[in-house]
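**Student:** Could you work out the structure for the sequence below:
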Amino acid sequence: MFSNFIYFIVVLLIFSTYQPVEETNFSFPETLVLFSSLSMIFSSYAWILFHRLEQRLSYDNIAFLDHQFTSLQTRLSILAIALLAIDIYALNITDFFSDIPPFRYMPTLQALVCIGVFIGYLSVIWSFSYTAYQQLYDKHLSKKHYVLSNISFAVPVLLPWVVLSGLADLLQALPFKYAKIVFSTLEGQIVYFLFFLVVISIIGPSIIQRFWQCKPLPEGFVRQRIALICQKANLKYNNILDWPLFGGRMMTAGVMGLIGRFRYILVTNSLLSALSFEELDAVIAHEIGHVKKKHLLFYLIFFAGYLVLAYAAFGIMQYLMISSKTIYNFITAAGYQQYSVASFIYTLTLIAFFIAYFRFIFGFFMRNFERQADTYVFSLFETALPLISTFKKISYASSQPDDKPNWHHFSIRERIRFLEECEANRVAIYKHDRKVRRSISLFMVGLLFSAVVGYQLNVGTAGQKLTKHIIKERLEQELTKAPNDPYLLSKLGDIYLLDQNWEKTINAYERSLSFKNDAPHVLNNLAWLYATCEDETFRRPVRALQLARYAAALASSPEILDTLAECYFVNGDFMSAVRTEKAALAVAKKNRSYYESQLNKFMAAYEGSS
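**Tutor:** Have a look, this model is predicted:
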């Protein structure tokens, strides 16, 4: 089930890195037909695979069937992610909502549409896998509870992001000038994110326990015994809850919450029914161990750490795209679609990095934290034998082999062996704690180093200079082979434009246009330079208007229309400037506040001239 967390976060990454297009690849009816067809094919494929598995339930061994069931769910979940990526990037499903006012001002609503589609795909998988699940693991759980339990267990991982993103959209949409200024800066975004992360990590458990429909464990001997263990460990908490996960039939327990007022102890009915009082004590001690060893706090740091590492990875990817001849040639071969190709490569890299980070680095810490929590039982009791017997019961009840590997905790057999080692020699506990401390220290050093590298590569002056130098050097090398290549000349012009070297920018753009005069990007940039250059000796308003009109005839993107409006403005045709800027605003899906400010400027000039 923890894999579902990764799936949902990958979906958010896919959506977040998608750049809206001005024109969708297909019309709405065509998109609807393609979307429905792909969904039907996916559903049919899932049904066929699980139907084949059901036919083997009567004669294959349980270990093999368990592996096949898990493998099928994983493969189909990955296929669902790929299908959603097609929906977003090829079918542009979110762009059909972007002109609807609520979706235009609240991009988070578009993300919720994507999340809803993905939940639909997963629900198909869970629905068709139900029969096999029922026969393999739980004959009494209904299909409805099975599907809803899978959804309710995984979806809370999205709640922090939804609230974070939704609140940011709201603040941006409201007429709060200072809020918009803060969100326009990297520092402001970081402060907002960290503040929100702290707040949601504190009060989040209170929201999640309601989402899971948890109820206070009834008063009685069991609740009193759990309370006594917490008192013995000096653990503060808000409540002890009955956790109705999979109808309460899953044998598990949990603890969530950084501070006592918002901390909850969770237990399922199945666990309470199957364990003796001593075994229940040991399980609660294990959960308390997570709190005492500060594992929950580290998980928070670990999630924030991913953003730091991804930030550094972004800078590194930029250099690889430029310095690697293979990657560079692949991107440039796309011509004027290079930005989309580069974004696609970065998205794939980001997803691969995310999966590797959580499955291997985070997985390493999770496994060792579980082992550390296991050993905490020795802090409260003289022996871990009740915890060992609990593991054996869980293995038997789940019908899964005790040596089944798992990315986020050691196998039951490994956990039992380690506890037996600790029973014989308590020095093993000290050694493991030392291993965890050293691993955390190494991780924090790496995180700090990555933060410095990321800042220097993406924001620092040295990184910006190095990027420009590498790009310029690469372009000049390519131009020696093809001196009349208009695309290379246009890219060199882009670099000179960033350097504010107006003379070389004009020279590169004009040469590019002499070989290919129908390039909207070059026409637009050169028109803007001639119209607004801060060095007035390079301004050529009439030439700027000619270039801008030609660019607009070739492409009617908001950026190009805005340039045309600016050119009308500098030539004194204020009415045309207003009309053109209104057209730009009508098709703009991003940075609408900029186009609105431009329109206000042109309208003020028009009204002042009349």
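**Student:** and the spatially closest residue to residue 359 that is not a sequence neighbour, how many neighbours?
**Tutor:** Distances taken as C-beta to C-beta, 6 or more residues apart in numbering put residue 407 closest to residue 359, at 5.4 Å, once the chain neighbours are dropped. Heads up, the C-betas are built off the backbone N, CA and C, glycines and all. If you count neighbours by other C-beta atoms under 10 Å, residue 407 ends up with 15.
**Student:** measure residue 407 to residue 136 for me?
**Tutor:** Distance of residue 407 to residue 136, given as C-beta to C-beta, to the nearest Å: 20 Å.
**Student:** how about low-confidence regions in the stretch 351-500 of the chain?
**Tutor:** The model of the stretch 351-500 of the chain has pLDDT under 70 over residues 399, 457-471, 473-475, 477-478.
**Student:** how about 80 then?
**Tutor:** For the stretch 351-500 of the chain, the stretches flagged by pLDDT under 80 are 351, 397-401, 404-407, 453-484, 488, 498-499.
**Student:** now the helices for it?
**Tutor:** 363-375, 377-380, 385-398, 412-424, 427-458, 461-481, 486-498 (DSSP state H, counting those that start in this stretch).
**Student:** quick one, which of the ones you listed is nearest to residue 193?
**Tutor:** Proximity to residue 193 (C-beta to C-beta) singles out helix 427-458 among the helices of the stretch 351-500 of the chain, at 14.0 Å.
**Student:** tally of neighbours for residue 403?
**Tutor:** 11.
**Student:** just residue 414 next, same as before
**Tutor:** Neighbour tally, residue 414, other C-beta under 10 Å: 16.
**Student:** cool, and residue 580?
**Tutor:** Count around residue 580 with other C-beta under 10 Å applied: 26.
**Student:** give me phi/psi at the closest residue to it other than its chain neighbours?
**Tutor:** Spatial nearest neighbour of residue 580, chain neighbours left out: residue 565 (3.9 Å); criterion: C-beta to C-beta, 6+ apart. The phi/psi pair for residue 565 (degrees, to the nearest 10) reads phi -60, psi -40.
**Student:** Give me the phi and psi for residue 215.
**Tutor:** Main-chain torsions, residue 215, degrees, to the nearest 10: phi -130, psi 150.
**Student:** what separates it from residue 253, distance-wise?
**Tutor:** 15 Å.
**Student:** Likewise for residue 163?
**Tutor:** 27 Å.
**Student:** Of these two, give the one with the bigger neighbour count.
**Tutor:** Between residue 163 and residue 253, counted using other C-beta under 10 Å, the more crowded position is residue 253 (19 against 16).
**Student:** Run a quick neighbour tally on the closest residue to that one other than its chain neighbours.
**Tutor:** Spatially, and ignoring its direct neighbours in sequence, residue 253 is nearest to residue 267 (4.7 Å; C-beta to C-beta, 6+ apart). Residue 267: 27 surrounding residues under other C-beta under 10 Å.
**Student:** partner residues bridging residue 267?
**Tutor:** Beta-bridge partners of residue 267, counted by DSSP bridges, are residue 242, residue 253.
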